[in-house]
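Got a sequence here, can you model it:
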Amino acid sequence: MQKFIIVVAKILLTLLVLLVVLDWTYTTVFLHSSNRGKVEKVFNSKAGNYDVLILGSSRANNHFVPELFEKKGLKTFNYGMSGAHLFEASLLLKLMAERHYKIKTVILEADLGLCNEKESDAIAAKFLPYIHHSKVIKEHFSKLENFNELYYIPFYRYVDFDALIGFREMYNTARGKPTNILDHLGYHPLGHKPGNMKNDIRALKPIRNKYYEEIKQTCKQNHYNLIAVMTPMCTNVKGLDYFEKANKIYPEIHNLENVVEGDQYFSSCGHMNDTGARMFTSIVIERFFEKK
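Sure thing, here's the model as predicted:
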């Protein structure tokens, strides 16, 4: 019996050492990359210095064209991430502050994301390789139910989110294989062939969102000027009163939902094509950045 216990103990110890080594290997690879995604760009690059920085979901990523800001002499980058919630937008901004970014103005797409305080697994996972190297990331995840497993069990986060930060992503990162995520200063243009031009958002209910409150507080503490906006949707949407309800909770959010109209400007009901995005960005620049 004693020999059996010793054998089991050795196996468990070997497994633990293997997990620690794998965890260290994966993490080391992610700590030395800055050309595959926006999270690692912030974490691994030198502190940024921006006149305009854009945050939000795909409705930020596909709707704000940094090139047009740059033509006005405003150094800009679009950090909107497809699939992101305000959970990730707040964390990314706090990470920038931790990294001593100098930012004059933050444009936040704050509309449909106001209805929930959940994390987006697909985007939140991108922060996990750095959870032991950033106090901000650790504290942000500390409220989640599975925090202890993610933080204390070696290699658990890489197994649990294998499709996002597992072997394939680690291998491509180690090879330095770039993606197109950082192209066009972070902006992702959509084509003109329309997709689904119907949408129903009647089930969405805006709430007083703690992560939006965090973003406001981070901007206040770091003297970032915050411009929160709601971006356009196509005309064939049921439940457009959502935007009015959001404004009742947060009157400071600029409702720009209807400043671009016409299905020819949309790739899908919730996302403008490149032509629509350029029209929308020009309106934003004129409204908030042009001297009257």
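
What is the burial count for the residue lying closest to F64 once chain neighbours are set aside?
Take F64 and drop its neighbours on the chain: the residue closest to it by CB to CB, 6 or more residues apart in numbering is I54, 4.7 Å away. Any C-beta I mention is one placed from the backbone N, CA and C, and that applies to glycine too. When neighbours are defined as other CB atoms under 10 Å, I54 has 29 of them.

Same question for I54, what's its three-state structure.
The three-state assignment at I54 reads strand, by DSSP: H, G, I helix; E, B strand; the rest coil.

Return the residues in contact with it.
With contacts defined as CB atoms under 8 Å, 6 or more residues apart in numbering, I54 is in contact with 60, 64, 66, 76-80, 106-109, 186.

Report pLDDT for it.
Looking at I54, its pLDDT reads 98.

likewise the one 4 residues further on?
According to the model's per-residue confidence, S58 sits at a pLDDT of 96.

Look up phi and psi at the nearest residue to it once chain neighbours are set aside.
Leaving out its chain neighbours, the residue that sits closest to S58 by CB to CB, 6+ apart is S82, at 3.8 Å. Per-residue torsions, S82: phi -60, psi 120 (degrees, to the nearest 10).

I'd assumed R59 was in contact with S82.
No - look at S82 against R59 with CB atoms under 8 Å: they stay out of range, at 9.1 Å.

These two: which has the busier surroundings?
Shown here are S82 and R59; by other CB under 10 Å, R59 has more neighbours (24 against 16).

looking at it, that one is touching L108, isn't it?
No - taking CB under 8 Å as the definition, R59 is not a contact partner of L108, at 11.0 Å.

For E214, see how far away the residue lying closest to Q221 once chain neighbours are set aside is.
Using CB to CB, 6+ apart and skipping the chain neighbours, the partner closest in space to Q221 is A97 (7.4 Å). To E214, A97 is 11 Å away according to CB to CB, to the nearest Å.
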